[in-house]
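Peer 1: turn this into a model:
(one chain, ligands or ions: 1)
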Amino acid sequence: MVFCTINDFPAYGNLSGYSVKGHHACPICETNTSFLQLKHGKKTVYTRHRRFFKHYHPYRRLKKAFDGSQEHETVPNPLNGNEFYHRVKDVINMFGKSQKKPSSDANMWKKNSIFFDLPYWSNLHVRHCINVMHVEKNVCDSLIGTLLNIKGKTKDGLKCRQDLVHMGIRQVLHPISKGPRTYLPPACYTMSTAEKRSFCQCLRSLKVPQGYSSNVKSLVSVNDLKLVGLKSHDCHVLMQQLLPVAIRGTLPDKVRVAITHLCFLFNAICVKVIDPKQLDDLENEVVVVLCQMEMYFPSSFFDIMVHLVVHLVREIRLCGPVFLRWMYPVECYMKVLKGYTKTQHRPEASIMERYVVEECIEFSL
Ligand SMILES: [Zn+2]
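Peer 2: Below you'll find the predicted structure:
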């Protein structure tokens, strides 16, 4: 029985037949995805996590701290399998790239997935799982890139500040023109050089037990004050335990508390034994933390991967603990399969032949 499928996010879109790009990129919120098209950054961002609160929550009434308006909307329940099936059952599958593109709304459901041939498939609430490994890596990358202001990875910048001017919020962060140069006032989430140095040195001086993580030292570049070559598991270790330690004593209290809280939540999401009674509280806390991040971090920080964090607890409730359905074991096995490649010319065929041979030998011996 196929219980659910696990993929990274673009493959999720291909497999499920739901378009994970554009304005309605979240496959769980679907048409209710709240998006914002940034004028200068030219990005689509997914903010307004206050919608996930109950009606009376005080955060809903705040204006200045968020996007300048109060929040009155609520989020309806996600579609169940049968409702989803009714949307896609009439879609005609068109393969290849030559097809005409319909309008953006009609384009959200791209195909009638072959999985719906399974008799039970439309009864499943979660058919395709969000892969926590990739979500955690992407959130960690954006977070560290923004904190250390790493060029190319930071979500902050001139365009982001111009968007703040356009939206008319956070006046203190607006760019200031000084002759030919433009000055960007430091934000609460940007570390000073001394703070960056202390962050990097903290990570560099770490000693961990064997097998706990890869060599953290090799990831830190103290000269450039940045982290380089972070792999998925490095991000996992950082988010689970190391980041809250490394940022101690740096950043304003409120920002540090929000980041530390986010790390604790990832820790709580990834535990192996979960008490179902605590899931409601956990779900609320995720929304609180995302709202706090919205208060302090720029809008461009909230790409679809940050938004997906809000749905992780729902999937735990419906599908069980995360460690049973994330991609670490799959990625490990990929290394074995990669080792089967003998010719670079046709790697897949090479992998397949050697895999079949190995299966046969194991079976016959
Ligand atoms: Zn969503």
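Peer 1: assign residue 40 to helix, strand or coil.
Peer 2: Under DSSP: H, G, I helix; E, B strand; the rest coil, residue 40 falls in the coil class.
Peer 1: would you list every one of the strands in this protein?
Peer 2: 5-7, 36-37, 44-45, 128-130, 176-178, 181-183, 220-221, 226-227 (DSSP state E).
Peer 1: average pLDDT for the first one?
Peer 2: So that's strand 5-7. In this model, strand 5-7 has a mean pLDDT of 90.
Peer 1: just checking, what packs against it?
Peer 2: Contacts defined by 3 or more C-beta pairs under 8 Å, 6 or more residues apart in numbering; DSSP states H and E place strand 5-7 against helix 9-16, strand 128-130. Where C-beta positions appear, they are placed from N, C-alpha and C, glycine not excepted.
Peer 1: which residues touch the residue nearest to the spatial centre of the chain?
Peer 2: Most central in the chain under C-alpha atoms, centre = their mean is residue 305, positioned 2.6 Å from the mean C-alpha point. The contact partners of residue 305, by C-beta atoms under 8 Å, 6 or more residues apart in numbering, come to 9, 134, 135, 138, 139, 142.
Peer 1: TSV for the strands of the chain, including mean neighbour count and distance to the ion?
Peer 2: Converted to TSV, those look like this (neighbours: other C-beta atoms under 10 Å; distance: least, C-beta to the ion, whole Å):
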stretch	mean neighbour count	distance to the ion
strand 5-7	19	17
strand 36-37	14	14
strand 44-45	20	13
strand 128-130	23	10
strand 176-178	9	36
strand 181-183	10	35
strand 220-221	18	34
strand 226-227	22	29
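Peer 1: let me know which of those strands is the nearest to residue 341.
Peer 2: Across these, residue 341 has its closest neighbour in strand 5-7 (21.8 Å, C-beta to C-beta).
Peer 1: now the closest one, how far from the chain's geometric center?
Peer 2: 15 Å (C-alpha atoms, centre = their mean, to the nearest Å).
Peer 1: for residue 23, find the nearest of the strands of the chain.
Peer 2: Using C-beta to C-beta, the strands of the chain put strand 44-45 closest to residue 23, at 6.2 Å.
Peer 1: so residue 291 sits right up against residue 48, yeah?
Peer 2: No. Judged on C-beta atoms under 8 Å, residue 291 makes no contact with residue 48 at a distance of 9.3 Å.
Peer 1: quick check: neighbours shared by these two?
Peer 2: Common neighbours of residue 291 and residue 48 (C-beta under 8 Å, 6+ apart) do not exist.
Peer 1: check contacts around residue 115.
Peer 2: The contact partners of residue 115, taken as C-beta under 8 Å, 6+ apart, are 2, 5, 121, 127.
Peer 1: so for it, what's the pLDDT?
Peer 2: At residue 115, pLDDT is 86.
Peer 1: looking at the helices and strands packed on strand 5-7, which is buried most?
Peer 2: strand 128-130 (a mean of 23; mean count of other C-beta atoms under 10 Å).
Peer 1: what mean pLDDT does that one have?
Peer 2: For strand 128-130, the per-residue pLDDT averages 90.
Peer 1: other SSEs contacting that strand?
Peer 2: Partner elements for strand 128-130 (3+ C-beta pairs under 8 Å, 6+ apart): strand 5-7, helix 9-16, helix 312-319.
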